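Undergrad: Fold the following and give me the result.
(one chain, ligands or ions: 1)
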Amino acid sequence: MLRAFVEHIFRPVSSLEGLWDFHPDTGPDDHGVPSAFTRQIEVPSAWETLPDLKGFRGTGWYRKTFSVESKGHVRLVFGGVSHTATVFLDGKQVGHHYDAFTPFDVILTDLEPGPHELLVKVDNSFGDHSALHIPNDYYTYGGITRPVELHTVGDLFIDKLFATPKRTDAGWALACRVRIRNVGHSEAGGEVRISVADHSACLSLPDIAPGASVEVDTELFPEAVEAWSAENPKLYRLNARLLRDGDVVDDKIERIGFREIRVEGPALLLNGRPLVLRGFNRHEDHPQFGCAIPPAGMAADLALFEDLHCNFLRTSHYPNDMRMLDMCDERGIYVWEESHSRQTPFQKPMFDAQIRQSTIEMVENHFNHPCVLMWGSVNECDTASDYGVEVHREVLGLLKRLDGSRPTTYAGHLGKADRCHGFADIVSWNIYVGWYVGQPGRTAEDLEERLRWLDSPASLGGDNKPLIISEFGAGAIYGVRNPQADPWSEEFQVVVLDEALRVYLNHPRVTGAAIWQFCDVRVTREGNNETYNSYSPMGRPRCMNNKGVVDEFRRPKLSYAAVKSRMAAAKQARDSLC
Ligand code: ADA
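TA: The predicted structure follows:
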């Protein structure tokens, strides 16, 4: 299922996970709908899990037949298709979606009872049609890589349920917004009953025109609820039921946490207490599963985060699987989630539309996760040119319009040339002292020089804001050991990470530090050929990004122990303040 908890009790929901018919367009005559489906594939999964498709980039066709008992409407919900899906029902196109990392739905109205054929054409190719999935320092897999569900809905159904917790003098309030959609043929109304803990409210709906949606707001004031935090990740079910003529016709359950995240000068406050974030950047990547890591794999990664005394995950560089965020909610791991972008050229034809859609879908689908403390926009993009400044202003402004309750940030790498700090609530830097810049030993000096600039007018609004060191690290190939700690050895990575953590985790101006990166990941071979075999710092030996503290199989490198020690000391220092 799409989530780690049951989202509907009244609404009939079935999973479409399992074996689907499959046809990869690998042959010279493969054009259009396949005449035959000669094989099958697991959904969800990446097609690179199939031995003959390890490097396949192109299009593949998926087929599934499902039946409906009686005439009505069906809502198909896709957790993620990498990277473009074109959806057909009974031979007619009914949906299209770009970007692997955000959910989407397809509404099928007035389906006749009986069997129906669902076809999904999946495309993971590069080109002008794709501005976010490009040859990059991670791999774009192919397939229906997250779960698919079949929902049975009436004319009116609950499309979205947004909840924003607010601290009050008496405790907590919960601002709720419910979006109701009418997929019927006539105007319809009703009422919504919404409840959390011991408090409920009833909202009457205006009549909704066919094909339209409306949003209704209310506030709940539950008593005696516990605040959510890493130390006490207390979750509550928010229950919404839609009634027409007094009968329940739909429902939706969300899981929320009562927590408030706020910026106050250079401090990041959770429920009024200053936070220190310590953790990793993590790609959704695994040699066996590609980006379609199963829940047990996600949980195993988080167990390593906890073993390393980390409390912070940056979803580099795209929205994550909702089940991963559910697990962070349950475990109390703080999350920076960001739009899908890494060193993305803004001039690509589809960029504006695709970054806007990806950003809206990220916020609307991940809005209620208490673990998401901040929204990141684009990563290591153009923050220096007039055009780049405009794009940052727009994407950061969009994030703020979509959700005024969370601070915004972006990971910048252009140092004093960066002109965008004024648009974000939190300043974040990717700094690679000892790997891309200079030798190990200069981290403290480098940081002080940067801070002098940041806290001056020259930073154009970066002063007096929280600061996160959003990336730092060094490459180490698992098993490469040498006592002189040459680059690419595990010993060298210890030198760089131990120094960086000593400086960043103990500096009063640093609110957070995220190592680049958690595990080694596969990178795209196209576009990296010039560095593909290089052992320069820009190189990607093994066609992997080798900066993980564990390798791709999660085998710990020498730096694991050094990181664990530094994180433990930082946690202890933090706990001693409580
Ligand atoms: C950048 C980028 C990361 C990764 C890193 C590296 O900071 O944001 O995605 O590519 O560099 O390994 O060089």
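
Undergrad: what does the stretch 351-500 of the chain put close to the ligand?
TA: Within reach of the ligand by Cβ under 6 Å from any ligand atom, the stretch 351-500 of the chain has these residues: Asn379, Glu380, His413, Asn430, Glu471. Using the backbone N, CA and C atoms, a C-beta is placed for each residue, glycine as well.

Undergrad: Which members of these occur in strands, if any?
TA: Asn430, Glu471 (DSSP state E).

Undergrad: Check the residues of the stretch 351-500 of the chain next to the ligand for burial and list the buried ones.
TA: Neighbour counting over those (16 or more other Cβ atoms under 10 Å) leaves Asn379, Glu380, His413, Asn430, Glu471 as the buried ones.

Undergrad: Just send the residues you listed back as JSON lines, with pLDDT and distance to Ser82 too.
TA: Formatted as JSON lines, these follow (pLDDT from 0 to 100; distance: Cβ to Cβ, whole Å):
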{"residue": "Asn379", "pLDDT": "98", "distance to Ser82": "19"}
{"residue": "Glu380", "pLDDT": "97", "distance to Ser82": "22"}
{"residue": "His413", "pLDDT": "98", "distance to Ser82": "26"}
{"residue": "Asn430", "pLDDT": "98", "distance to Ser82": "25"}
{"residue": "Glu471", "pLDDT": "98", "distance to Ser82": "24"}
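
Undergrad: which one of those residues is nearest Leu398?
TA: Using Cβ to Cβ, Asn379 is the member of these that sits closest to Leu398, with 15.9 Å.

Undergrad: in the stretch 351-500 of the chain, what residue is nearest the ligand?
TA: Residue nearest to the ligand within the stretch 351-500 of the chain (Cβ to the nearest ligand atom): Asn430, separated by 4.1 Å.

Undergrad: what about Glu448, distance to Leu460?
TA: As judged by Cβ to Cβ, to the nearest Å, Glu448 and Leu460 stand 20 Å apart.

Undergrad: show me what contacts the residue of the stretch 351-500 of the chain closest to the ligand?
TA: Asn379, Glu380, Ala411, Gly412, His413, Ser470, Glu471, Phe472, Trp516 (Cβ atoms under 8 Å, 6 or more residues apart in numbering).

Undergrad: Residue of the protein nearest the ligand, please.
TA: Going by Cβ to the nearest ligand atom, the ligand is nearest to Asp137 of the chain, at 3.6 Å.

Undergrad: and that residue, how many neighbours does it have?
TA: Asp137 sits with 21 neighbouring residues when counted by other Cβ atoms under 10 Å.

Undergrad: Assign a three-state SS to it, would you?
TA: coil (DSSP: H, G, I helix; E, B strand; the rest coil).

Undergrad: I'd assumed Glu226 was in contact with Asn232.
TA: Yes: between Asn232 and Glu226 there is a contact under Cβ atoms under 8 Å: 6.1 Å.

Undergrad: Can you list the low-confidence ranges for this structure?
TA: 527-533, 578 (pLDDT under 70).

Undergrad: which parts of it sit against the ligand?
TA: Asp137, Ser316, His317, Arg342, Asn379, Glu380, His413, Asn430, Glu471, Trp516, Asn545, Lys547.
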